[in-house]
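A.B. asks: What would the 3D arrangement of this be:
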Amino acid sequence: MDKILYHGTFLTMDESRTEPEAVLIRDGMIGGTGTLEEMKALAPDGALWDMEGHTVLPGFIDGHSHLSAVAYQLLIANLKPSPLGTCDSVEDVVQVLKTFLETHSLKPGQWLLGMGYDNSVFPEGVHPTKEDLDRVSTEIPVAATHVSGHLCVVNTKGLELWGTREIISQFPRAESWNPQGF
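C.D. replies: Residues are numbered from 1 along each chain as shown. Below you'll find the model as predicted:
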């Protein structure tokens, strides 16, 4: 069924019609833009949707831009290096996480999360370890995710909650094995 959106701000990304009064949606696609009367003429039986002044954007197809990850990162500690953050060393990662913990209220059982550290720009080139994150807290679980999003480091509390015995059982037997949280 056709839908006609009206009474909103419509960002069409079309320079020839930057401020339409209404938008026709046909088969899930933009079928037309113009005045409300023009769209009613194109779709006489179209359902009218009052957008109540809200902004409407064209649909996004996320080919691999991780748009939701960008929003998620706004809620957690920014561990990115300069110029997008301040974490240019393992010590900076620890300090940013400590500051985040001091300035944000975590609910019981909630993890302290940070994302974006990049060991390739650290002077020593190493990843943070569980001991580094234990300096942030030994009472709550802490996780620092790499800029790639493909790996993370957790503190001892995080390892305890994940159950390191299960993790250890996935590796070949060794005389001793001490998980580093990575």
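A.B. asks: From now on I want contacts and neighbour counts done on CA atoms only, so please keep to that.
C.D. replies: Noted.
A.B. asks: Just give me the neighbour total for residue 53.
C.D. replies: 11 (other CA atoms under 10 Å).
A.B. asks: So it is in contact with residue 21, correct?
C.D. replies: No: with contact defined as CA atoms under 8 Å, residue 53 does not count as touching residue 21 (11.0 Å).
A.B. asks: Residues that sit against both of the two, list them.
C.D. replies: Listed contacts common to residue 53 and residue 21 are 7, 8, 9; contacts here mean CA atoms under 8 Å, 6 or more residues apart in numbering.
A.B. asks: ok, now which ones touch the last one?
C.D. replies: Translated: residue 9. Each residue near residue 9 by CA under 8 Å, 6+ apart is listed here: 19, 21, 53, 54, 55, 56.
A.B. asks: In the beta-sheet assignment, what are the partners of it?
C.D. replies: Going by DSSP bridges, residue 9 is paired in beta bridges with residue 55.
A.B. asks: Distance-wise, check it relative to residue 56.
C.D. replies: The gap separating residue 9 from residue 56 is 6 Å, by CA to CA, to the nearest Å.
A.B. asks: Can you tell me the closest non-neighbouring residue to residue 124?
C.D. replies: Nearest non-adjacent residue to residue 124, counting by CA to CA, 6 or more residues apart in numbering: residue 89, 7.8 Å away.
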